[in-house]
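Q: model the structure of this input:
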Amino acid sequence: MKTNEKFVITINRELGSGGHTVGSKLAKLLGVKYYDKAIIEGLTQKYGMSADQIERLKADKKSWWESFKENYLSLPASGGDGDGKPTTAMMFETERHILESLAREESCVVAGRTAFLIFREWKNRVNVFIQATTEHRIERLMSKGMNYQAALDTIDEVDEGREAYLRKYSDRTRYDTRNYDLVITMDDLTEDDAVAMILDFINRTSK
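A: Down below sits the predicted model:
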């Protein structure tokens, strides 16, 4: 990947692996924006925006698109399946549209369940998967206030949900390492260690 050209780094991660922190720290060091699930799904789930509506807002003279990227400002609710809620298909299409629009405008780090799929054909990109053993993930969630069983149940629920969501739109599994350029297991690493490994990989592949 060439960092002197527009690039995308995707971070797919298991809940409790520390991948969110890795992604945000990586983006900060590279001096680019970090986009995660909360930002992207803010439009698709909360506001039910469609791809066409996003395009109209981007063209608005009030510079809504720039405001969204900088401040993640709220939008009036609209779109959806007729009762104010976006359909699953609309959510995926809008997620794809938003991510591609962001990446065309500037280099960025993107964390999300479908990012590696959306950008699989992009030449100047690196796909990273952050994983950890179940016990490591449980310990991390427990450090945030969950008890053991709640942490285990949450991990199972989130893993199943993310995998099912991806399966709706592809024949791939997020656990297939062929989806990624780099896979990092966090059990014996800090977030800073993982960031350093990603940067080293980028430096080696940019030659």
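Q: and after the strand or helix carrying residue 20, which helix or strand comes next?
A: Using DSSP states H and E, residue 20 falls within helix 19-30. Where DSSP H and E defines the elements, the next helix or strand beyond helix 19-30 is strand 33-35.
Q: what lines up beside that next one in the sheet?
A: Strand 33-35 has the following strand partners under DSSP bridges: strand 108-111 (parallel).
Q: could you give the average pLDDT over the helix or strand just after the strand it pairs with?
A: Next helix or strand after strand 108-111 toward the C-terminus (DSSP H and E): helix 115-118. Confidence for helix 115-118, expressed as mean pLDDT, is 88.
Q: who does the very next helix or strand once past helix 115-118 touch, helix- and strand-wise?
A: Following helix 115-118 in sequence order, the next helix or strand is strand 125-131 (DSSP H and E). On a contact count with 3 or more C-beta pairs under 8 Å, 6 or more residues apart in numbering; DSSP states H and E, strand 125-131 meets strand 8-13, helix 115-118, strand 182-185, helix 191-205. Backbone N, C-alpha and C define where each C-beta goes, glycine included.
Q: and the angle for the helix or strand that contains residue 162 with strand 8-13?
A: Residue 162 belongs to helix 148-167 when assigned by DSSP H and E. Helix 148-167 runs at 140 degrees relative to strand 8-13, counting by axes from the mean of the first three to the mean of the last three C-alpha atoms, to 10 degrees.
Q: please save the CA atoms from helix 148-167 in CSV.
A: Extracted in CSV, the C-alpha atoms of helix 148-167 (Å, rounded to 0.1, in the frame of the first residue of the first chain):
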residue,chain,number,x,y,z
TYR,A,148,-18.2,-13.5,33.2
GLN,A,149,-21.4,-14.9,31.9
ALA,A,150,-22.7,-11.6,30.6
ALA,A,151,-19.4,-11.1,28.7
LEU,A,152,-19.6,-14.6,27.2
ASP,A,153,-23.2,-14.2,26.2
THR,A,154,-22.5,-10.8,24.6
ILE,A,155,-19.5,-12.2,22.6
ASP,A,156,-21.6,-15.1,21.3
GLU,A,157,-24.5,-12.8,20.3
VAL,A,158,-22.3,-10.2,18.6
ASP,A,159,-20.2,-12.8,16.7
GLU,A,160,-23.3,-14.5,15.5
GLY,A,161,-24.9,-11.2,14.4
ARG,A,162,-21.9,-10.0,12.5
GLU,A,163,-21.4,-13.2,10.7
ALA,A,164,-25.1,-13.5,9.8
TYR,A,165,-25.1,-9.9,8.5
LEU,A,166,-22.2,-10.6,6.2
ARG,A,167,-23.7,-13.9,5.0
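Q: that helix: how far from the chain's middle?
A: Mean-position distance between helix 148-167 and its chain equals 16 Å (C-alpha atoms, centre = their mean, to the nearest Å).
Q: ok, residues contacting that helix?
A: Applying C-beta atoms under 8 Å, 6 or more residues apart in numbering, the contact partners of helix 148-167 are 14-16, 88, 92, 113-114, 117, 134, 137-138, 141-142, 146, 172-175.
Q: now with 7 Å?
A: The contact list for helix 148-167 (C-beta atoms under 7 Å, 6 or more residues apart in numbering) reads 14-16, 113-114, 117, 134, 137-138, 141-142, 146, 172-174.
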